[in-house]
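Asks: Sequence first, predicted coordinates after that:
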Amino acid sequence: MKTLLIRGESDPPPELREIVRAGSTAVDEVSTRELSTFVSRQGFGIDRIVVWAAPTDQQVRTLASTYAATESNTDRARLLYVTPADCRGAPSGVDRDRCLSWPQDKDKVRMLFMTAG
């Protein structure tokens with residue numbers, strides 16, 4: 001599976017990058033500063049999107065909501081939102097089981113990538 005890793009102002013932890021790379025056939029990583037406009041998952045030619053967001057990074061949260069809104073219900077599982085905060089304040093449209101807190105949910109992230117989830 002081809003994966004796009006989107007980050008905001010803060011870099012994702014090295015271990016998260018390692019898990020994503022190990023569970024993907026290819027990984028592209030971009031920051032929100034590098035994205036001049038919204039590009040659909042299909043437009044990027046990727047299978048899933050992993051969004052890493054600090055709790056205060058509103059630009060990344062908004063982008064995650066945009067991706068969630070553009071995916072059909074069956075494709076919404078292709079979006080994974082990972083944050084160092086808890087998921088009570090997950091971005092709008094991001095399914096509860098697709099918002100994971102780092103590092104508490106590290107094993108869940110690993111399992112999703114081992115099972116192509």
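Replies: Ah, there it is. What you are looking at is a predicted structure, and each value in this text was computed from that prediction instead of being measured.
Asks: Now the terminal residues of stretch 70-90, how far apart.
Replies: By C-alpha to C-alpha, to the nearest Å, the extent of stretch 70-90 from end to end equals 17 Å.
Asks: Just the buried positions in it, please.
Replies: By 16 or more other C-beta atoms under 10 Å, the buried positions in stretch 70-90 come out as Glu71, Arg76, Arg78, Leu79, Leu80, Tyr81, Val82, Thr83, Cys87, Ala90. All C-beta atoms are positioned from the backbone trio N, CA, C, and that covers glycine.
Asks: from what I can see the fourth one touches Glu71, true?
Replies: In other words, Leu79. Yes: using C-beta atoms under 8 Å, Leu79 is in contact with Glu71, at 6.2 Å.
Asks: Break down this structure into its helices, ranges please.
Replies: Ranges of helices within the chain are 14-22, 41-44, 58-70, 106-114, based on DSSP state H.
Asks: In a markdown table: those helices, plus mean pLDDT and distance to Glu29.
Replies: As requested, those are arranged in a markdown table below (pLDDT from 0 to 100; distance: least, C-beta to C-beta, whole Å):
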| stretch | mean pLDDT | distance to Glu29 |
| --- | --- | --- |
| helix 14-22 | 97 | 8 |
| helix 41-44 | 74 | 12 |
| helix 58-70 | 90 | 13 |
| helix 106-114 | 94 | 15 |
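Asks: Pick the most buried one from these.
Replies: Mean neighbours per residue, mean count of other C-beta atoms under 10 Å, is largest over those for helix 58-70, with a mean of 18.
Asks: Could I get the contacting residues of Gly89?
Replies: Pro55 (C-beta atoms under 8 Å, 6 or more residues apart in numbering).
Asks: Can you read off the pLDDT for it?
Replies: Note on Gly89: pLDDT of 84.
Asks: how far out from the middle of the chain is stretch 76-94?
Replies: Distance, stretch centre to chain centre, for stretch 76-94: 8 Å (C-alpha atoms, centre = their mean, to the nearest Å).
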